[in-house]
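Student: A predicted structure for the sequence below; I have some questions about it.
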Amino acid sequence: MQTATPSQAAPSQPAAPRDPRAYEMLDATRYACVGEMLRDALVQFKTHTAFTELDRRRVVHRLSYLDVKRAVDRLARRLEDAGIGAGDRVAIVMTNQARYPIAATAAFFRGAIVVPIDYKLTPKEREALLAHAKPRALVTEYPLFAPHAAGALEAVPLVLVSEAPEHARLGHAQRWGALDGADAPGVSDAPPTFVPRAREDVATIVYSSGTGGAPKGCMLPHRAYLAQYTALTAMFPIVAGDRYFSILPTNHAIDFMCGFLGPLCGGAMVVHQRTLRPEFLTATMKSERVTHMAVVPLLLTAFERAIREKLDALPGWQRTAVDALMQVNERLTERRPNRLVSRTLLRPIHEAFGGELRVLFCGGAFVEQERAELFNRLGLPVAIGYGLTEASTVATVNDLRPFRGDSVGRAVEGVSLRIVDADASGVGEVQLHGPTLMLGYLDDAEQTRAAFTEDGWLRTGDLGYLDASHHLHLVGRSKNMIVTRGGKNVYPEDIEGAFASVACEELAVFAEGYLWQTRGELVGERLIVVARLKAGASEVDRRRFQESLHAANQRLADYKRVHALLVTEESFPRTASMKIKRGELATLLRGTHATAETVHFGEPVEAVR
């Protein structure tokens, strides 16, 4: 392996000058574990509002930090009574609501390991991850609990279900009603015993993929979260009086940090909205005067569409005036954001987003430069970041000093970045090192070894280069995966099982960018299915095959669907254990095929010519 030369390695991003209000934020370097920091936060900010929860336009909960502490203590005591303590695993399957961080904090209080599981997965997929994680407890809500078959969750000793109807049948599960002070009869009201942990102990097990194939549970230590908190709040302080709108799922790595740990340890308020329709999002931004939020490119696109529709509806002279004001704002805020200037010049646009929005964090997938630059001209700067679950959320970010929409920023404080095996243009694999890296994948030594180099750097599988100012530019992927606009990682191997009933000799799914090693095509990434039919297959056989493939494809979630079909007569190269040698097969296919044709969701899978 070619190691990075000094010109290919990037230093950590120096911390920006601290906000004068940042004195209130807790100093993560003082703590050995996340639980200790959260415990101090609930006491230090006890009079502040911690959570506001809305259903449409109606506020259903406003909880102070003291309210949250009481709820956490009750749940932590319940976990303690069930014998859950240091190193035990507590899974959480919930939508965004105050109960989620309360459950996670209670687990941290008991020294347990939090296992966030995506509530959008099917019951079968959730059960597969629970079987892999083997938690001692599961905290969930009734709408997500009810679809599971009777007995499906019996392997979990303690299952707590919130918001269950009075006469609901819960099997061995129990009710949890911690927000209003009510709890199950007979539960002790004695203070819980706090269980401290060390920085190298596992804090969470986060599944980055594996919903259909082999699960990959990233074991993230306490030091990863403490280091990430220190780095991010140095650039973007979030303190008492700030209001963070949590709209990404809290199981998502970005929201777990930015919508849970970050705000709570700074005394800020987190806003949850049960209904995520656009009209209710903007209404909540106005009513709660939101200052911070994190989005994925899919939502940023929706915001842009709404803005452009309003701008396009303006009379010609007004549109000309707005364009001129946007240019003035861009010049005046060139070196750093200035909310007062931007809001004065472009007040109607800012009022549409609540009037107080300070920054939009965006990551999880590629952000088009033109879109990011539009928001910056409007005075709604987008802090574009790059990271992955294995590195505890954020590895690089643009600190907006000045704004740049052409890169994903520089390495955050404490993280080292290098480019390995660079070609003549400086493009190579991005590798990371630092305190935010995972310990490895749960119960999978083989994948853990493959994820790291011999000298301990994380292989990201992403291709990129560093410019003269050490900003990272992504241009493609070296591993077989795509990232959707919604920020979901999709590993093609994990969805091949969906095509098990399709009649053919061999079948594999590839990411288009991996198969043809395209560069600069990180938007609209697609999946390609490669198949070999039996020798001498008739036209009828081929038509039946495609119909069967299309039917199986339609049963997948839209972000998992394949977009094109490539039929080959070549036998797939395989290992002695009959696993497909994907790299060799991709090389074989590159020699005879150049590109894939686009098809729309809902249409039959189209063959590559």
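Tutor: In hand now; what should we look at?

Student: From now on I want contacts and neighbour counts done on CA atoms only, so please keep to that.
Tutor: Noted.

Student: Show me what the helix or strand residue 310 falls within is packed against.
Tutor: Taking DSSP states H and E as the definition, one finds residue 310 inside helix 297-312. Of the remaining helices and strands, none touches helix 297-312 by 3 or more CA pairs under 8 Å, 6 or more residues apart in numbering; DSSP states H and E.

Student: Please export the alpha-carbon coordinates of that helix; PDB is fine.
Tutor: The C-alpha trace of helix 297-312 is given here as PDB (Å, rounded to 0.1, in the frame of the first residue of the first chain):
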ATOM      1  CA  PRO A 297     -29.700  16.700   1.200                       C
ATOM      2  CA  LEU A 298     -33.200  15.400   0.500                       C
ATOM      3  CA  LEU A 299     -34.800  17.900   2.900                       C
ATOM      4  CA  LEU A 300     -32.400  20.600   1.800                       C
ATOM      5  CA  THR A 301     -33.800  20.000  -1.700                       C
ATOM      6  CA  ALA A 302     -37.300  20.400  -0.500                       C
ATOM      7  CA  PHE A 303     -36.500  23.700   1.200                       C
ATOM      8  CA  GLU A 304     -34.800  24.900  -2.000                       C
ATOM      9  CA  ARG A 305     -37.900  24.000  -4.100                       C
ATOM     10  CA  ALA A 306     -40.200  26.000  -1.700                       C
ATOM     11  CA  ILE A 307     -37.900  29.000  -1.900                       C
ATOM     12  CA  ARG A 308     -37.500  28.900  -5.700                       C
ATOM     13  CA  GLU A 309     -41.300  28.600  -6.100                       C
ATOM     14  CA  LYS A 310     -41.800  31.800  -4.000                       C
ATOM     15  CA  LEU A 311     -39.100  33.600  -5.800                       C
ATOM     16  CA  ASP A 312     -40.400  32.600  -9.200                       C
END
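
Student: Other residues contacting the very next helix or strand once past that helix?
Tutor: For helix 297-312, the following helix or strand on the C-terminal side (DSSP H and E) is helix 316-332. By CA atoms under 8 Å, 6 or more residues apart in numbering, the surrounding residues in contact with helix 316-332 are 311-312, 341-342, 345-346, 376-379.

Student: cool, and stretch 412-419?
Tutor: Here stretch 412-419 has contacts from 4, 8-15, 227, 231-232, 394-397, 411, 427-436, 464-466, using CA under 8 Å, 6+ apart.

Student: can you tell me the distance between the two ends of stretch 432-447?
Tutor: 17 Å (CA to CA, to the nearest Å).

Student: Report the contact partners of the one residue sitting closest to the centre of the chain.
Tutor: By CA atoms, centre = their mean, the chain has its centre lying nearest to residue 252, at 3.7 Å. Residues counted as contacts of residue 252 (CA under 8 Å, 6+ apart) are residue 118.

Student: sorry, back to before: would you mind getting the angle between the helix holding residue 310 and helix 316-332?
Tutor: In terms of direction (axes from the mean of the first three to the mean of the last three CA atoms, to 10 degrees), helix 297-312 departs from helix 316-332 by 130 degrees.

Student: Report the buried residues of helix 297-312.
Tutor: The neighbour-count check on helix 297-312 (16 or more other CA atoms under 10 Å) flags 297, 299-301, 311 as buried.

Student: Check the burial of residue 552 by counting its neighbours.
Tutor: Number of residues near residue 552 (other CA atoms under 10 Å) recorded here: 16.
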